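Visitor: Provided below are the primary sequence and the corresponding predicted coordinates.
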Amino acid sequence: MSATLSIGEVRQRIAARVVGRDRELDLLLAAVAAGRDLLIEGPPGTSKSTLLGAITAEWNIPLLFVEGNADLTPARIVGHHNPARVLREDYSEDNFVPGPLIEAMRTGGFLYIEEFNRAPEDTLNTLLTAMAERRIAIPRVGTVHALPTFRVVASMNPYDNVGTTRLSTSVHDRLCRLAIGYQDAEAERGIVALRTESDSFRLVADAVAITRMTREHEDIIQGSSVRGAIDLTLVAQQLADLREVTIPVDSDVDPPRNLPEDYQQSMLDAMYVALSGRIHVDETSDATPEMILFTIWQDHFVLRPAAAAPG
């Protein structure tokens, strides 16, 4: 880690590039600066990888991504010997191909494991050894010692229980835990405006409001993250250009129901493209994603038009 910047200075530099997340940034930065490994629980699109990327960039250390799934065996995360070279040379340290865990330990980087609770139990046990001992023994290679900046940071979606396993007490005992939820509407509007560079506050506000409504609908188990609002804004903008629809720029459309009909129709069509694959409909519901999105569109623009006004 940087020896020239204090943790407070690092925090200020990161906060200048990240919209919101002040509390989460403080807690995450404090945990990893204290030398702790960490489990982050939160739905997709809640800035987990953004925060980690900003921290490792400031400290000039690698950030290695791994997706937790049934294929993440101990051999894949630790590494393997090159089969072709083994046939020619026999086993040796030189023909060992390090996996992400060993690479993170040797470089002092962060190993970031997404969907941690989908990884096999024997892989989790391998990680526990590395976290507890900060070293790992590899047959025919030797013992790899982790540099001081090595961290294991895992994430999991608390709303997704399909194909997951319950983490053991020993796993939880070795990890600090940080729960992250969705940001408020103002912060999400800031993120969407930054990522899309849209000059229409109206479009950004509508996209964020509609996306947030997917998280509250009774027929939806899990709604869209802010990524849906970003895509909705971008698709709606391109669709409006294609159809020669004028997008209102200002937020003070009064009353909101006076929004142009062609703009509202373009928003509906863009919703189908940007959001239908991001919402998870309750299996007990007979509604399709498109049917649900239509009711959300009606609720936002027709039944409760005041909700379209950002506030």
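Guide: On my side now, so go ahead. Residues are numbered from 1 along each chain as shown.
Visitor: Could you use CA atoms for every contact and neighbour count after this?
Guide: Will do.
Visitor: Just say helix, strand or coil for Val171.
Guide: Secondary structure assignment for Val171 (DSSP: H, G, I helix; E, B strand; the rest coil): helix.
Visitor: contacting residues around it?
Guide: Leu124, Leu128 (C-alpha atoms under 8 Å, 6 or more residues apart in numbering).
Visitor: do that again at 6 Å, thanks
Guide: Val171 is in contact with no residue at all, counting by C-alpha atoms under 6 Å, 6 or more residues apart in numbering.
Visitor: got the residue ranges for the helices in the stretch 51-200 of the chain?
Guide: The residue ranges that make up the helices of the stretch 51-200 of the chain, judged by DSSP state H, counting those that start in this stretch, are 74-78, 83-89, 100-107, 121-133, 169-173, 185-196.
Visitor: which outside residues touch the first one?
Guide: Taking contacts as C-alpha under 6 Å, 6+ apart, the residues outside helix 74-78 that touch it are Gly99, Pro100, Leu101, Ile102, Thr123.
Visitor: Please indicate which of those are buried?
Guide: Among those, the ones that count as buried by 16 or more other C-alpha atoms under 10 Å are Pro100, Leu101, Ile102, Thr123.
Visitor: Reformat those residues as CSV; add pLDDT.
Guide: Below are the buried ones among the contacts of helix 74-78 laid out as CSV (pLDDT from 0 to 100):
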residue, pLDDT
Pro100, 96
Leu101, 96
Ile102, 95
Thr123, 91
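Visitor: Make TSV out of the contacts of helix 74-78 and add distance to Asp231.
Guide: Converted to TSV, those look like this (distance: C-alpha to C-alpha, whole Å):
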residue	distance to Asp231
Gly99	34
Pro100	31
Leu101	33
Ile102	36
Thr123	35
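Visitor: and the gap between the closest residue to Leu167 other than its chain neighbours and Leu128?
Guide: Leaving aside its sequence neighbours, Leu167 sits nearest to Asn117 (C-alpha to C-alpha, 6 or more residues apart in numbering; 6.5 Å). Plainly put, Asn117 is 14 Å away from Leu128 if you go by C-alpha to C-alpha, to the nearest Å.
Visitor: more neighbours, these two?
Guide: Asn117 (23 against 18; other C-alpha atoms under 10 Å).
Visitor: The protein: strands as residue ranges?
Guide: Listed in chain order, the strands found in the chain under DSSP state E are 38-41, 63-67, 79-81, 96-98, 110-114, 135-138, 142-145, 151-156, 176-179, 220-222, 280-281.
Visitor: Quick one: mean pLDDT for the third one?
Guide: For strand 79-81, the mean per-residue pLDDT is 85.
Visitor: which residues touch that strand?
Guide: Residues from elsewhere that reach strand 79-81 (C-alpha under 6 Å, 6+ apart): Asn95, Phe96, Val97, Pro98, Gly99.
Visitor: Quick one: buried ones out of those?
Guide: Looks like those have Asn95, Phe96, Pro98 buried, using 16+ other C-alpha under 10 Å.
Visitor: All good on my end, thank you.
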